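> output the structure for:
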Amino acid sequence: MPYVLLGLAIVAEVTATLSLRASEGFTKWGPSAVVVAGYLISFVLLAKALTALNVGPVYAIWSALGTIGAFAGGVLLFQEPVRPVTILGAALIVVGVVVMNLGGGISHG
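Numbering: from 1, shown residues only. So this is what the prediction gives:
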């Protein structure tokens with residue numbers, strides 16, 4: 001169950017981040033409301049997941065998948081450019097998370 005909560009936290013965070021872009025500096029109310037709700041939901045779910053999982057690796061997974069999700073969403077929704085160096089950066093993020101998780105388990109207790 002903590003992994004489901006973590007996955008939902010990531011989805012909520014990516015949704016909020018993409019809505020932040022769509023809010024045009026908080027001048028559009030609909031996307032602005034999604035930003036606030038998305039981040040609130042994300043942090044609540046992340047906090048619940050952290051009752052059973054270790055904070056370091058979980059935060060690495062949450063932030064890495066959130067970063068990659070925001071990158072992919074920016075490309076798909078806002079036609080942001082994809083360059084080889086950005087793909088390399090995304091790959092390095094994934095490698096970093098894998099290395100962190102090799103250092104120890106992500107559940108505690």
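> ok, the spatially most central residue of the chain - contacts?
Nearest to the mean C-alpha position of the chain, counting by CA atoms, centre = their mean, stands residue 66 at 1.9 Å. By CB atoms under 8 Å, 6 or more residues apart in numbering, the residues touching residue 66 are 10, 13-14, 17. C-beta here means a position set from N, CA and C on the backbone, and glycine is covered the same way.
> at 6 Å instead, please
Each residue near residue 66 by CB atoms under 6 Å, 6 or more residues apart in numbering is listed here: 10, 13-14.
> and what of residue 80?
residue 74.
> what sits against residue 103?
Counting by CB under 6 Å, 6+ apart, there are no residues that residue 103 touches.
> now do residue 19
31, 34-35.
> what helix or strand does it sit in?
Counting by DSSP states H and E, the element that carries residue 19 is helix 2-22.
> residues in contact with the helix or strand following that helix?
Sequence-wise, the next helix or strand downstream of helix 2-22 (DSSP H and E) is helix 29-49. Contact with helix 29-49 is made by 2, 5-6, 8-9, 12-13, 15-16, 19-20, 22-23, 26, as judged by CB under 6 Å, 6+ apart.
> give me the buried positions along helix 29-49.
31-32, 34-35, 38-39, 41-42, 45-46, 48-49 (16 or more other CB atoms under 10 Å).
> I am finished for the moment; much appreciated.
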